[in-house]
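# Model the following, please.
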Amino acid sequence: MLTWAAALLLVTIAVLAIPVTVQFHVSRHQVLEQDVRLYWAFGLVSVPIPLAKSNSKPAPRKKTEPRIDRSIASKRKKRDVVGALRQRRFRRRILRFVGDLWHAIQKRDLRLGLRIGLGDPAETGRLWAVVGPIAGMLAAVREMSISIEPEFYDATFELDTSGSLRLIPVQVIYLTLALVLSPAFWQGMRRLCTAER
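Predicted coordinates:
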């Protein structure tokens, strides 16, 4: 029984140690456009990945009052996220995870253009206080062309990105477990959960 369990564990680790390559081009302005494909076992397996359904027709607005309520709830959630990111230990742990994951991934021809705004200059300013320094650091990254810009007056999320990523699943699992098991991560998540109540 132990032999079978050990053999199954070794086979699982061997499968997870095979590199996975993702080639993608995703853009979102008014309509989401995407072309994402996953390659596994050195190109023997090729699978298209649909991220989301793009819909050129905007959803009709039915009532004004519920939309205002959703807007208030949305602003509260944004404040909660900004508040969690302003915790030094939580922010440092997230940045460390992102950095470790970035170094674990082999990158090729990466390009990212992002424009974000929360619809309120004050809220966007608070978000940019966190995102701005990160955007400045990312702009100096050699493996990727990155441009992140704020939009202070309109609620905006525009995206244009493309490239190729190669990773080893067992490395990503290890880094994710290290993040999830860290006390700093759970302190930040506890603040988010407490603020939503």
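# So which helix or strand of this protein has the lowest pLDDT on average?
Lowest mean confidence among the helices and strands of the chain (mean pLDDT, DSSP states H and E): helix 64-85, at a mean of 56.
# Downstream of it, the next helix or strand is which one?
Per DSSP states H and E, the first helix or strand lying C-terminal to helix 64-85 is helix 88-104.
# Buried residues, that following helix. List them.
Judged by neighbour count using 16 or more other C-beta atoms under 10 Å, the buried positions of helix 88-104 are 90-91, 93-94, 97, 100. No exception for glycine: its C-beta is placed from N, CA and C like everyone else's.
# Mind checking the pLDDT average for that helix?
On average, the pLDDT along helix 88-104 is 87.
# Report the backbone C-alpha coordinates of that helix in PDB.
Extracted C-alpha coordinates of helix 88-104, given in PDB (Å, rounded to 0.1, in the frame of the first residue of the first chain):
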ATOM      1  CA  ARG A  88       2.800  47.000   5.700                       C
ATOM      2  CA  ARG A  89       3.200  43.300   6.500                       C
ATOM      3  CA  PHE A  90       0.400  42.200   4.200                       C
ATOM      4  CA  ARG A  91       1.700  44.400   1.300                       C
ATOM      5  CA  ARG A  92       5.200  43.200   1.700                       C
ATOM      6  CA  ARG A  93       4.100  39.500   1.700                       C
ATOM      7  CA  ILE A  94       2.000  40.100  -1.400                       C
ATOM      8  CA  LEU A  95       5.000  41.900  -3.100                       C
ATOM      9  CA  ARG A  96       7.300  39.100  -2.100                       C
ATOM     10  CA  PHE A  97       4.900  36.500  -3.600                       C
ATOM     11  CA  VAL A  98       4.600  38.400  -6.800                       C
ATOM     12  CA  GLY A  99       8.400  38.800  -7.000                       C
ATOM     13  CA  ASP A 100       9.000  35.100  -6.300                       C
ATOM     14  CA  LEU A 101       6.400  34.100  -8.900                       C
ATOM     15  CA  TRP A 102       7.800  36.600 -11.400                       C
ATOM     16  CA  HIS A 103      11.300  35.000 -11.100                       C
ATOM     17  CA  ALA A 104       9.900  31.500 -11.300                       C
END
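# about what we covered before: for residue 184, state which of the buried residues of helix 88-104 is nearest.
Minimum distance to residue 184 across the buried residues of helix 88-104 is 4.1 Å, recorded for residue 93 (C-beta to C-beta).
# Grab the nearest non-local neighbour of that closest one.
residue 184 (4.1 Å; C-beta to C-beta, 6 or more residues apart in numbering).
# between the helix or strand hosting that neighbour and helix 88-104, how many degrees?
Per DSSP H and E: residue 184 is located in helix 183-196. Helix 183-196 and helix 88-104 are oriented at 120 degrees to each other (axes from the mean of the first three to the mean of the last three C-alpha atoms, to 10 degrees).
# Helix 183-196 - contacts with which helices or strands?
helix 64-85, helix 88-104 (3 or more C-beta pairs under 8 Å, 6 or more residues apart in numbering; DSSP states H and E).
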